[in-house]
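Chemist: build me a model from this:
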Amino acid sequence: MELHSLPAHVLAKKIKDKEISSVELTETFIERIEKYDHKINSVVVKTFDEALEAAKQADKEISQNSIKGPLHGVPMTIKESYNIKGQSTNWGIPDFKNNIATEDGLAVQRFKKAGAHFMGKTNVPLNLADFQSYNDVYGVTGNPWDVNKTPGGSSGGSAAALAAGFTSLEAGSDIGGSIRNPAHYCGVFGHKPSHGIIPSSGHELIPNVPEPDLSVCGPLAKSAKDLEIALDVMAGPIEREAKGWQLNLPSCKKTSLKEFKIAIWSDDELAPVSQDISERCVEVGEKLASSGATVSFSARPEHDFLKAEINYQLLLQSVMQSGMSDEEFKHIEDIAANLEPGDDSVEAILAKGTVLSHRNWIRQNYAREQIKISWSKFFEDWDLIICPQLATTAIEHNHKKISERTITVDNQEQRYFQQIFWPGLAVNAHLPSTVFPTGLSTNNMPIGLQAIGGLYEDKKTIKFTELFEEEFKSFVLPNLEETL
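Modeler: Sure, this is the predicted structure:
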């Protein structure tokens with residue numbers, strides 16, 4: 001395989017064994033970005049000179065038999081929303097274009113400590129709030145499999161850069177599937193960790209923002225093994241909290257697929273998915289059963305999923321709309337005040353969530369705790385539940401106002417955000433979820449499914465996807481000579 005196709009851990013070993021130099025590898029990625037990215041537009045902030053200097057230093061350390069960590073000499077990129085010293089962090093918001101980071105964010109620091117260096121940052125949607133990645137600062141990012149389609153969002157540039165072979169490793173963030181949606185659309189691996197294990201420090205527009213509800217930071221990669229390496233690099237308390245607690249995620253002792261007990265959830269009337277997606281879920285379940293795994297197509301947690309979805313939407317809107325202007329907030333407040341009692345329409349839920357009082361937030365958090373307990377009981381009997389990540393494969397670019405957008409699922413029109421039901425399952429219950437590639441669809445676009453596990457069982461969901469890939473070889477990268 002060519003260097004740009006190889007996982008980060010393989011490249012790190014080649015550098016350590018002096019089969020290749022860090023400079024050679026970094027130049028390979030830079031040349032590929034310069035050759036192809038003008039058609040994809042994924043790496044929107046370029047720090048090539050700094051990367052080459054860091055690569056030279058890495059090679060010097062190798063010559064002295066000094067290894068920083070598991071990613072020594074490995075070049076990577078990272079989502080635009082993370083701080084790199086001296087670079088703009090603006091989340092696609094024009095007013096923040098001159099928001100220059102004065103220091104590296106925590107994740108960037110930790111990757112550098114592990115030996116990696118950065119070639120740049122990758123594109124996002126405006127305010128990280130879309131299933132597509134475009135904004136007025138950096139423009140539109142295309143999917144390397146078909147540039148007329150989106151790579152997803154909000155970590156769309158991250159997944160596109162990986163799939164295009166522009167980088168060896170990436171990191172994104174996820175509150176509505178923003179790591180996993182692009183991983184599915186672009187055919188790469190993505191992990192949403194258990195809530196709270198990876199600090200958000202340095203993933204911010206302004207300094208010292210407290211940890212948000214629901215939102216997490218996490219890795220994207222070309223292999224499951226890279227996800228685990230990156231998780232270990234990123235996870236753990238910030239310095240002031242490290243005085244009192246340490247993270248100790250359980251390792252996964254399973255060594256084969258037949259040791260897993262897996263539930264398959266292929267579709268749901270609350271968020272119908274395409275036949276391609278549903279059939280792929282069933283097909284994966286059948287493959288797992290044939291490999292000796294214990295598989296159920298009917299096992300589910302026992303809580304009410306409609307109520308759980310409403311709970312998620314209320315808590316999600318409370319976070320997502322917290323930056324709304326006073327004028328906009330007052331307008332939504334008036335709408336919420338005039339709703340009929342018991343109105344659970346989509347519009348009503350969005351309005352109520354936006355203006356959720358602290359009293360009502362606490363009540364919703366109590367309801368969420370019951371959902372968490374239900375999931376915990378479910379995972380006493382089952383290792384994982386595998387389900388869709390989104391309703392379809394990658395959609396065509398659609399830059400209408402979000403409120404005016406729909407998606408088409410097997411010729412049926414559906415609300416644009418109705419499919420957030422699927423990524424929200426793990427988000428609201430704070431569970432780990434790993435998206436893994438399962439091959440291409442009938443329209444030659446990638447299909448990724450998510451493996452959701454019990455709280456803090458991050459290494460189990462990642463290990464499963466590693467074993468699945470070893471068994472079924474589903475990961476493929478696009479041939480840019482053909483797709484562009």
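
Chemist: what about the stretch 301-450 of the chain, any weak spots by pLDDT?
Modeler: Nowhere does the stretch 301-450 of the chain drop to pLDDT under 70.

Chemist: hey, where'd the strands end up in the stretch 51-200 of the chain?
Modeler: 75-79, 117-122, 134-135, 139-140, 169-174, 189-192 (DSSP state E, counting those that start in this stretch).

Chemist: distance check, the residue nearest in space to the middle of the chain against Ser433.
Modeler: Nearest to the geometric centre of the chain sits Ile179, at 1.0 Å (Cα atoms, centre = their mean). For Ile179, the distance to Ser433 equals 9 Å [Cβ to Cβ, to the nearest Å]. The way it works is simple: take the backbone N, C-alpha and C, and place the C-beta from them, glycine included.

Chemist: what do you get for Ala160?
Modeler: Applying Cβ to Cβ, the value for Ala160 to Ser433 is 21 Å.

Chemist: of the two, which one has the most company?
Modeler: Ala160 (33 against 30; other Cβ atoms under 10 Å).

Chemist: which residue is the nearest non-sequential neighbour of Ala367?
Modeler: Counting by Cβ to Cβ, 6 or more residues apart in numbering, Ala367 lies nearest to Asn311, which is 5.1 Å off, once chain neighbours are set aside.

Chemist: contact partners for that neighbour?
Modeler: Contacts for Asn311 were tallied using Cβ atoms under 8 Å, 6 or more residues apart in numbering; they are 364, 367-368, 371, 428.

Chemist: need those residues in CSV with neighbour count, secondary structure and distance to Gly190, can you?
Modeler: Shown next, in CSV, are those (neighbours: other Cβ atoms under 10 Å; DSSP: H, G, I helix; E, B strand; the rest coil; distance: Cβ to Cβ, whole Å):
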residue, neighbour count, secondary structure, distance to Gly190
Gln364, 20, helix, 27
Ala367, 15, helix, 28
Arg368, 20, helix, 24
Ile371, 21, helix, 23
Asn428, 24, helix, 18
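
Chemist: where does the residue nearest to Leu356 when sequence neighbours are not counted sit: helix, strand or coil?
Modeler: What sits nearest to Leu356 in space, not counting adjacent residues and going by Cβ to Cβ, 6+ apart, is Ser318, at 4.3 Å. Classification of Ser318 using DSSP: H, G, I helix; E, B strand; the rest coil returns helix.

Chemist: who touches Ser318 in this structure?
Modeler: Ser318 is in contact with 213, 353-354, 356, 361, counting by Cβ under 8 Å, 6+ apart.

Chemist: distance of the residue nearest to Phe329 when sequence neighbours are not counted from Leu128?
Modeler: Closest residue to Phe329 in three dimensions, ignoring its sequence neighbours and counting by Cβ to Cβ, 6+ apart: Val355, at 6.8 Å. Val355 sits 21 Å away from Leu128, taking Cβ to Cβ as the criterion.

Chemist: thinking again about what came up before, among the strands of the stretch 51-200 of the chain, which comes closest to Asp226?
Modeler: The closest of these to Asp226 is strand 169-174. By Cβ to Cβ, the value is 5.9 Å.

Chemist: ok, Ala55 - how many residues close by?
Modeler: 24.

Chemist: verify the stated contact: it with Met76.
Modeler: No. The pair Ala55 and Met76 does not pass the contact test of Cβ atoms under 8 Å, sitting 11.6 Å apart.

Chemist: which non-adjacent residue is nearest Asn148?
Modeler: Distances taken as Cβ to Cβ, 6+ apart place Glu396 nearest to Asn148, at 5.8 Å, with adjacent residues excluded.

Chemist: next, the buried residues of stretch 293-307.
Modeler: Buried residues in stretch 293-307, counted by 16 or more other Cβ atoms under 10 Å: 293-296, 299, 301, 303, 305.

Chemist: return the subset of those lying in strands.
Modeler: With DSSP state E as the criterion, strands contain 294-296 from among the buried residues of stretch 293-307.

Chemist: just send those back as JSON lines, with distance to Phe464 and pLDDT too.
Modeler: JSON lines is the format used below for those (distance: Cβ to Cβ, whole Å; pLDDT from 0 to 100):
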{"residue": "Thr294", "distance to Phe464": "13", "pLDDT": "98"}
{"residue": "Val295", "distance to Phe464": "13", "pLDDT": "98"}
{"residue": "Ser296", "distance to Phe464": "15", "pLDDT": "98"}
